[in-house]
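A.B. asks: Pasting the sequence and the predicted model now:
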Amino acid sequence: MRLEDRITRSIAQRKGAVVLRSDFANMGSTAQVGRVLSRLIEKGKLIRVSKGAFAKTRINKFTGQPMPDGTLEDIGAELFRKLGIELMPSRLVAEYNSGRSTQVPVTAVANTGRRRITRKVTVGTRSVIYENYF
């Protein structure tokens with residue numbers, strides 16, 4: 001069985017929407033895995049959301065184009081969970097949830113507490129913004 005078939009089957013069997021390049025490290029060399037992931041991006045099976053992180057796609061029923069299988073917030077939360085980074089609610093979300101504010105937060109803000117993160121997470125044209133609020 002070809003490496004592309006093995007990786008495609010492995011991606012299909014995973015429950016989450018995010019896959020990491022390191023998930024396939026035992027299947028082949030770094031260059032081989034990278035080429036296969038690039039081919040899957042070209043075919044529309046995956047979308048790159050960050051360095052070494054990819055999201056599964058589904059076909060948009062209106063446009064027929066591949067789109068991420070989840071929102072930026074869901075993909076970002078799953079990615080950080082897989083990387084072992086603990087997230088807390090952002091200041092605006094905490095204020096809304098406690099009832100101190102009636103404004104619904106619309107931007108994807110990740111509160112990392114005291115931890116400083118520079119990883120860029122992008123889905124489409126939207127990116128995750130970081131805050132250090134503890």
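C.D. replies: The structure has been received and is ready for your questions.
A.B. asks: wait, isn't residue 105 in contact with residue 97?
C.D. replies: No. The pair residue 105 / residue 97 is not scored as a contact, 9.9 Å apart, by Cβ atoms under 8 Å. Where C-beta positions appear, they are placed from N, C-alpha and C, glycine not excepted.
A.B. asks: Of the two, which one has the most company?
C.D. replies: Taking other Cβ atoms under 10 Å, residue 105 and residue 97 do not tie; residue 105 has more neighbours (17 against 11).
A.B. asks: In contact with the more buried one, which residues?
C.D. replies: Shown in contact with residue 105 (Cβ atoms under 8 Å, 6 or more residues apart in numbering): 90, 92, 93, 96.
A.B. asks: Residue 57 too?
C.D. replies: Applying Cβ under 8 Å, 6+ apart, we find residue 57 in contact with 44, 45, 46, 47, 66, 67, 68, 69.
A.B. asks: Helices along the protein, start to end?
C.D. replies: Remark: helices assigned in the chain by DSSP state H are 3-13, 30-43, 72-83, 91-98.
A.B. asks: Between the two ends of stretch 89-109, how far is it?
C.D. replies: Stretch 89-109 has an end-to-end distance of 8 Å (Cα to Cα, to the nearest Å).
A.B. asks: Off-centre distance for that stretch?
C.D. replies: Computed by Cα atoms, centre = their mean, to the nearest Å, the chain-centroid distance of stretch 89-109 equals 22 Å.
A.B. asks: Which per-residue confidence value corresponds to the residue of the chain most remote from its centre?
C.D. replies: Relative to the centre of the chain, the most outlying C-alpha is that of residue 100, 30.3 Å out, by Cα atoms, centre = their mean. Residue 100 carries a pLDDT value of 90.
A.B. asks: Could you do the one 3 residues further on as well?
C.D. replies: Residue 103 is assigned a predicted lDDT (pLDDT) of 84.
A.B. asks: What sits closest to it if chain neighbours are left out?
C.D. replies: Spatial nearest neighbour of residue 103, chain neighbours left out: residue 96 (6.8 Å); criterion: Cβ to Cβ, 6 or more residues apart in numbering.
A.B. asks: show me what contacts the one you found?
C.D. replies: Residue 96 makes contact with 102, 103, 104, 105, according to Cβ under 8 Å, 6+ apart.
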